[in-house]
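Q: need a structure here:
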Amino acid sequence: MTPTPAPAASAPSIRSGIFLAAFAFGIFASHDALVKVLGAQYSIFQIIFFSSLFSFVPMTLVMSADKAVENFQPHNLKLVGLRAFLNVTGMAAAFYALTVLPITQVYAIIFAMPLLITILAVPILGETIRLQRGLAVIIGLIGVLIVLRPGTAELTLGHLAALVTAVAGAFSSLIVRKLGKSERSAVLVLYPMLASVIVMSILLPTVYVPIDLTSLFAMAVVGCLALAGQLMIVQAYRRAPAAVVAPIQYSQIVWATFYGWVLFSDFPDRWVIIGTSIIIASGLFIVWRESRSNVSDNKPVLRSPNMRPDTGPSLKPKETSESDRMAATNDKGERS
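A: Numbers count the residues shown, from 1 in each chain. Okay, the predicted model is just below:
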């Protein structure tokens, strides 16, 4: 039985997907810059609590508009709970790293997440890493070492926090892949959000300081920016193939350099630039390899809509991307 080819995405749709992705990652960079500004005055636990609280209401409205949502009972409570824990841990680590390190350094380390996803997909998803992807991972990790420069530059808790963010995000993405279609999007959104509010409300009394209205408004903006960026990423993946959208996330380094220079008088040194370039190049190669047929069974990087544990991939697009549709069609054809 010959499978019917999946319809190709139209050029206008792809262009709109690219635009939405670029805009979304610019929003994420603005979110991170605002977190860094607030972090000079408030604890990260306080920032996370109020930003999560302010994003909870609009997110609830978004979920309630989903006609397919029948209940919020998870089918795999352990994995859903583990992912909620990883999201809270990754978010706290990311916020801390942003408050103590230049944004470009934080991004350089977080950009190693596709490398970690590729490595962890072997034991978790049964993925096979062939020679070229293996070399790309090794080269990318060398880029991380160039950014960190152990032995020559001071390694701080901020660097460790950024690494924790990358690891937590990688595990979180693979858990979503492991869950497959067994969990509703509403479950994957609600539980991490509830976990962050509950955990931060417990920690809040130990770090709370009075908040002025301007800062409270800024924390509300942080929550809304995270939600807006996530929703735009979902729409981008609905309109354009994953292989087109995924590389656009690296545009955040441009925004990070701009915000670092304008707001914090930070500019990446040559080692950060070199290391980041190597990490991005290896990540792009992995994305390109996964986009090719008969290379990856699971496509763990391409099916991880965002490299951020605080914002995704929580809302899975209802419609799969072109690469996913082709993979599903090929699978059906092979079974037939």
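Q: helices or strands up against whatever helix or strand residue 47 lives in?
A: Here residue 47 sits within helix 44-64, counting by DSSP states H and E. Using 3 or more CB pairs under 8 Å, 6 or more residues apart in numbering; DSSP states H and E as the contact criterion, the elements in contact with helix 44-64 are helix 11-39, helix 77-100, helix 185-207, helix 213-239. Quick note: C-beta positions are derived from backbone N, CA and C, even for glycine.
Q: what comes up buried for stretch 187-204?
A: Of the residues in stretch 187-204, those scored as buried under the neighbour-count criterion (16 or more other CB atoms under 10 Å) are 187-193, 195-197, 199-200, 203.
Q: Closest one to residue 87 out of those residues, please.
A: Ranked by distance to residue 87 (CB to CB), those are led by residue 192 at 3.9 Å.
Q: burial count for residue 40?
A: By the measure other CB atoms under 10 Å, the count of residues near residue 40 is 8.
Q: Name all residues that make contact with the residue nearest to it when sequence neighbours are not counted.
A: Take residue 40 and drop its neighbours on the chain: the residue closest to it by CB to CB, 6 or more residues apart in numbering is residue 99, 7.1 Å away. Shown here is residue 99, whose contacts under the criterion CB atoms under 8 Å, 6 or more residues apart in numbering are 35-36, 39-40, 44, 158.
Q: can you check residue 187 too?
A: For residue 187, the contacting residues are 72-74, 80, taking CB under 8 Å, 6+ apart as the criterion.
Q: Mark which of those residues are buried, thanks.
A: 74, 80.
Q: which of the contacts of residue 187 lies closest to residue 115?
A: Scanning the contacts of residue 187 for proximity to residue 115, where the rule is CB to CB, the winner is residue 80, at 25.7 Å.
Q: looking at it, that closest one is touching residue 186, isn't it?
A: No - the pair residue 80 / residue 186 is not scored as a contact, 11.4 Å apart, by CB atoms under 8 Å.
Q: low-scoring stretches of this protein, by residue?
A: The chain contains residues with pLDDT under 70 at 1-10, 62-71, 180-181, 293-298, 303-336.
Q: Now go through the contacts of residue 187 and say which are in helices.
A: Cross-referencing the contacts of residue 187 with the helices (criterion: DSSP state H) gives residue 80 as the overlap.
Q: Surely residue 167 is in contact with residue 116?
A: Yes - shown here, residue 167 and residue 116 form a contact pair, counting by CB under 8 Å, at 6.2 Å.
Q: With neighbour numbers in mind, choose between these two.
A: Under the criterion of other CB under 10 Å, the comparison of residue 167 against residue 116 puts residue 116 first, with 24 against 19.
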